[in-house]
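K.L.:
Structure of the sequence below:
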Amino acid sequence: LFASGSDLAIKSVYEACVGKGDNVILHMPSFAMYRVYAWMLGADVKSVPVKEDWSVDFEKMLKAADGGTKVMVLENPNGFVGTKPDLPQIEYCAKELKKKGVLLLIDEAYYFIENSACDTSRLIDKYPNLIISQTFSKCHGLAGTRFGYLVGHPELMQYISRVRPMH
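P.N.:
Next comes the predicted model:
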């Protein structure tokens, strides 16, 4: 699903899937707009600090997921501290969240700075609750083009596309 930058793509996920009284789980630090979009839609934010070694505390994040949780966001890699989850950790989160009916949004804005191919996308067929956000801004140096996109299960992408802005 193409968008005017990955930020707008992420906003579309929120607008389609998050509402008043829901909650979103984030690791901290993380991109500020994840919180802003949740608050704009009347949702609560459950923030889980990174561990002392700067890695994401997946267990605490998964434990925070409850009946009101709609989305858990992971940065791959974290734009603030540079740590990144490995593929088995991402798959574990997708699997556990699928059982709870929660979306897992992986923000890969900085992914291609040190990688040449996306390995998380192969999990989409197995986990229809997984959404990957990518951009051409950071690693490809095309910030002015405002080109971002979401990769996910076709039915989920079709659902999210209903809120995508016309521009």
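
K.L.:
Just want the most central residue of this protein.
P.N.:
residue 105 (2.5 Å; Cα atoms, centre = their mean).

K.L.:
State the phi and psi torsions of it.
P.N.:
phi -100, psi 120 (degrees, to the nearest 10).

K.L.:
If it is in a bridge, with which residues?
P.N.:
According to DSSP bridges, the partner residues bridging residue 105 are residue 73, residue 131.

K.L.:
you'd agree it is up against residue 73?
P.N.:
Yes: Residue 105 is within contact range of residue 73, at 4.7 Å (criterion: Cβ atoms under 8 Å). Every residue, glycine included, has its C-beta placed from N, CA and C.

K.L.:
As a check, name the ranges of all helices in this protein.
P.N.:
Remark: helices assigned in the chain by DSSP state H are 6-17, 32-40, 58-64, 87-100, 154-161.

K.L.:
Including mean pLDDT, could the ones you listed go into JSON lines?
P.N.:
Compiled in JSON lines, the helices of the chain are given as follows (pLDDT from 0 to 100):
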{"stretch": "helix 6-17", "mean pLDDT": "91"}
{"stretch": "helix 32-40", "mean pLDDT": "96"}
{"stretch": "helix 58-64", "mean pLDDT": "97"}
{"stretch": "helix 87-100", "mean pLDDT": "97"}
{"stretch": "helix 154-161", "mean pLDDT": "92"}
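
K.L.:
Go through the ones you listed and name the closest to residue 46.
P.N.:
helix 58-64 (4.6 Å; Cβ to Cβ).

K.L.:
so how far is that closest one from its chain's centroid?
P.N.:
15 Å (Cα atoms, centre = their mean, to the nearest Å).

K.L.:
Buried residues, that helix. List them.
P.N.:
Buried positions in helix 58-64, judged by neighbour count with 16 or more other Cβ atoms under 10 Å: 58, 61-62, 64.

K.L.:
What is it packed up against?
P.N.:
Judged by 3 or more Cβ pairs under 8 Å, 6 or more residues apart in numbering; DSSP states H and E, helix 58-64 is in contact with strand 23-28, strand 44-49, helix 87-100.

K.L.:
so what strands line up beside the first one?
P.N.:
If I follow you right, that is strand 23-28. strand 44-49 (parallel), strand 69-75 (parallel).

K.L.:
got the angle between it and helix 87-100?
P.N.:
Between strand 23-28 and helix 87-100, the angle comes out at 160 degrees (axes from the mean of the first three to the mean of the last three Cα atoms, to 10 degrees).
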